[in-house]
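>>> show me how the following folds:
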Amino acid sequence: MSRDGSPAQQQEAYHAALRAVLGPAQELLARGGSALDAVSLAVDLLEDCPLFNAGHGAVFTHDETHELDAAVMDGATLKAGAVGCVTRIKRPARAARAVMEHTEHVLLVGAGAEALAQRLGLELVTPDYFSTEARREQLRRALAADKAMLDHDGASLTFRQPAAVPPLDESRKFGTVGAVALDAQGNLAAATSTGGMTNKQPGRVGDCPVIGAGTYADNRTAAISCTGTGEMFIRAAAAYDVCARMAYGGASLEAAAQAVVMETLPPIGGRGGLIAVDRHGNFSMPFNTEGMYRGWARVGEPLQTAIFR
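The predicted structure follows:
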């Protein structure tokens, strides 16, 4: 969201949505719940919220379809699961966790992922469940510009407010949701989910379900979830690079995260940011764009949310 042209009610809609996600996850951890369950719950709620490009409210491909990606990783075991290009799974992050817990694989895509979800009783929906009119209008603008767009790119195009103004400017943000957590047992976990990029070629997969690129967790270092120009995060192995700088170079979480987001990614066109928490409970949320919707919660402390720096 740009500072310019973002009314207070648009900003408050995001703050309220983030608080509605943070609260239940914070309560889960306060009851002694696991980091894995906390990030799974948070991403469940984010996927259900049409304000975000994940689950209901996902963006459209060039063919006016929806293709969703998700991943989850358990820092205690280094087990991970992911799904790519799914079109009927209501909550893709649950399917990613199913891959981790019920198969010997890490990544399943398309029909294979959906067959697993159906076999395990996960909820399936018709593809129009993911559609919103705001996303359809975003596709129209992308088609007119003849380009694939991250949400952020839409800020350069004329945005015509419809008669019923949406609660936020859908053309001004990247499109990924994620959560990272540290639990009372010292375990870390990360989960990420996305609808991809508007007007993308069908079959395109970004960094979200690529373990080490958009999602990573290791109890020895940190849990990471990324958002931004996925191709560049893949090329930089961004999520893993944060952990590697900590493990091999002795960097702090903040130093490692800042180096990846502010130094490694920009020279190759990598725009976006990440959220991270380390094994000591330190967290970092750097971004190289104007803003990034984010929030954090510690057990026994008030919820915190932010958009700009």
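>>> you'd agree Val39 is in a helix?
Yes. According to DSSP: H, G, I helix; E, B strand; the rest coil, Val39 belongs to a helix.
>>> please, which helix or strand holds Ala244?
Per DSSP states H and E: Ala244 is located in helix 238-249.
>>> CA atoms of that helix as CSV?
Output of helix 238-249 as CSV, limited to C-alpha atoms (Å, rounded to 0.1, in the frame of the first residue of the first chain):
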residue,chain,number,x,y,z
ALA,A,238,16.4,-16.2,-0.1
ALA,A,239,14.9,-18.0,2.9
TYR,A,240,17.7,-20.5,3.2
ASP,A,241,20.3,-17.8,2.7
VAL,A,242,19.1,-16.0,5.9
CYS,A,243,19.7,-19.2,7.9
ALA,A,244,23.0,-20.0,6.2
ARG,A,245,24.4,-16.6,7.1
MET,A,246,23.5,-17.3,10.7
ALA,A,247,24.8,-20.8,10.8
TYR,A,248,28.0,-20.4,8.8
GLY,A,249,28.9,-16.7,9.3
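>>> list the contacts of it.
The contact list for helix 238-249 (CB atoms under 8 Å, 6 or more residues apart in numbering) reads 190, 207, 212-216, 218, 220-222, 224-226, 232-233, 251-253, 255-257, 259-261, 264-265, 270, 274, 276, 278. Where C-beta positions appear, they are placed from N, C-alpha and C, glycine not excepted.
>>> now with 7 Å, please.
Residues outside helix 238-249 that contact it (CB atoms under 7 Å, 6 or more residues apart in numbering) are 212-216, 218, 220-222, 224, 226, 251, 253, 256-257, 259-260, 264-265, 274, 276.
>>> and it, what's buried?
Ala238, Ala239, Tyr240, Asp241, Val242, Cys243, Ala244, Arg245, Met246 (16 or more other CB atoms under 10 Å).
>>> export those to CSV and tack on pLDDT?
Below are those laid out as CSV (pLDDT from 0 to 100):
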residue, pLDDT
Ala238, 98
Ala239, 99
Tyr240, 98
Asp241, 99
Val242, 99
Cys243, 98
Ala244, 98
Arg245, 98
Met246, 98
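>>> wait, what's in contact with Phe287?
Listed by CB under 7 Å, 6+ apart, the contact set of Phe287 reads Val261, Gly272, Gly273.
>>> for Ala70, same thing?
Counting by CB under 7 Å, 6+ apart, Ala70 touches Ala82, Val83, Pro92, Ala93, Ala95, Ala96, Thr192, Ser193, Cys208, Pro209.
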